[in-house]
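1. Predicted model and sequence below, questions to follow.
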Amino acid sequence: MRIAALVLCTLLTAASSLAAQQRTERKWPLAPDGAVKIYNFVGRVRVVGWDRDTVAVSASMPASYRLFGGGDRNAVKLGVESDDRDKQTAVVLEVRVPSGANVWIRGAVTDIDVSGLIGSVDIGTVGGRVLVTGSPRMLTAESMTGALQVRGSPETLRAKTAGGDLSWEGSSRDAQLVSVSGMVRVSSGPIERLRVESVTGAVRVNAALRADAHVSIETHSGDVEFRTLARAPLRLDADAAMVTAPGVTPRLRPDGRFAGPTTFDFNITKPPSAAPTVVVRSFTGRLVLAFDR
């Protein structure tokens with residue numbers, strides 16, 4: 001009897017929760033390269049690019065919330081609002097936009113997923129997770145405490161976290177990754193220009209480089225590991241507490257002294273050929289350079 005009562009109570013609670021939710025759908029026409037602004041401060045936003053000149057949104061939210069939106073063929077703004085500002089409840093927005101649209105998304109405690117977009121994308125959330133899949137022309141993404149992950153090859157990439165880990169798998173002509181304490185991971189490539197900044201977070205790069213690539217990595221106390229293709233030419237300009245590299249006796253910076261940067265050439269033909277340049281600066285962190293076999 002007690003088990004039956006517990007099951008009945010669970011079912012009634014679930015039914016009550018479902019009853020309290022409403023699903024609302026709306027559509028607006030939009031030019032293939034139009035602008036879209038999306039607001040959802042608690043919950044989740046999922047944006048998918050498609051081949052229609054239409055913005056279509058489906059919102060799952062409590063009855064006390066309203067879906068607002070409007071605009072013209074050049075720009076559409078949409079989001080959710082509630083009269084009870086003291087009580088925030090999670091809202092799920094599923095939004096489809098023209099793949100070439102320029103999309104701007106803002107949240108607070110909001111997970112944001114974006115895929116299939118080739119225009120410009122600008123994402124900002126405080127405590128949510130961010131996942132971008134695809135290759136927007138320009139991607140700007142920031143999450144203060146949540147993890148941020150990019151799977152694709154934006155032409156220009158700007159990504160930032162405070163405490164969340166930041167990872168990127170793809171290639172780019174110009175990328176800048178910044179984190180305070182989160183780990184920064186970069187893989188795949190080829191990379192043309194990359195700048196990584198971190199305070200205490202470790203940096204892990206395992207990527208191919210273009211012949212004229214320039215990579216700059218700066219940390220205060222984070223360790224740096226840099227891996228690239230075997231036998232690839234590389235010029236390393238390093239200043240770290242310890243430098244470990246193939247064929248180089250590990251160099252330890254003397255305590256209390258500034259050793260200054262040292263340049264190492266790897267797999268460079270004579271006379272010297274053009275080679276990618278990697279610059280690493282870490283005050284107390286260690287640097288490990290490796291070539292994949």
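-> Received it, and whenever you're ready, just let me know what you need. Residues are numbered from 1 along each chain as shown.
2. Send me the top strand by length along the chain as CSV with only the CA atoms.
-> Using DSSP state E to define each element, the chain has its longest strand at strand 203-219. Output in CSV follows, covering the C-alpha atoms of strand 203-219 (Å, rounded to 0.1, in the frame of the first residue of the first chain):
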residue,chain,number,x,y,z
VAL,A,203,46.5,25.2,-21.9
ARG,A,204,46.5,22.1,-24.2
VAL,A,205,47.0,22.5,-27.9
ASN,A,206,47.2,19.6,-30.3
ALA,A,207,46.8,21.0,-33.8
ALA,A,208,48.2,21.4,-37.3
LEU,A,209,49.6,24.8,-38.2
ARG,A,210,49.7,26.7,-41.5
ALA,A,211,53.1,27.5,-42.9
ASP,A,212,52.8,31.2,-41.9
ALA,A,213,50.9,30.5,-38.6
HIS,A,214,51.6,32.6,-35.5
VAL,A,215,50.5,31.3,-32.1
SER,A,216,50.8,33.2,-28.8
ILE,A,217,50.1,31.6,-25.4
GLU,A,218,50.3,33.6,-22.2
THR,A,219,49.6,32.3,-18.7
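3. Show me what it pairs with in its sheet, parallel or antiparallel.
-> If you go by DSSP bridges, strand 203-219 pairs up with strand 184-198 (parallel), strand 224-228 (parallel), strand 277-282 (parallel).
4. Mind putting the ones you listed into TSV with mean neighbour count, distance to residue 140 and mean pLDDT?
-> Glycine gets a C-beta too; all of them are placed from N, C-alpha and C. Below are the strands paired with strand 203-219 laid out as TSV (neighbours: other C-beta atoms under 10 Å; distance: least, C-beta to C-beta, whole Å; pLDDT from 0 to 100):
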stretch	mean neighbour count	distance to residue 140	mean pLDDT
strand 184-198	21	14	95
strand 224-228	21	25	96
strand 277-282	21	24	95
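5. what about those, which gets the closest to residue 109?
-> Nearest to residue 109 among the strands paired with strand 203-219 is strand 184-198; the distance by C-beta to C-beta comes to 23.4 Å.
6. For the nearest residue to residue 234 once chain neighbours are set aside, give me its contacts.
-> Using C-beta to C-beta, 6 or more residues apart in numbering and skipping the chain neighbours, the partner closest in space to residue 234 is residue 266 (4.6 Å). Neighbouring residues of residue 266 by C-beta atoms under 8 Å, 6 or more residues apart in numbering: 233, 234, 235, 236, 245, 246, 247, 289, 291.
7. could you dump the strands paired with strand 203-219 to CSV with distance to residue 104?
-> As requested, the strands paired with strand 203-219 are arranged in CSV below (distance: least, C-beta to C-beta, whole Å):
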stretch, distance to residue 104
strand 184-198, 24
strand 224-228, 33
strand 277-282, 33
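8. which residues does residue 130 bridge with?
-> Residue 130 has the following beta-bridge partners by DSSP bridges: residue 112, residue 148.
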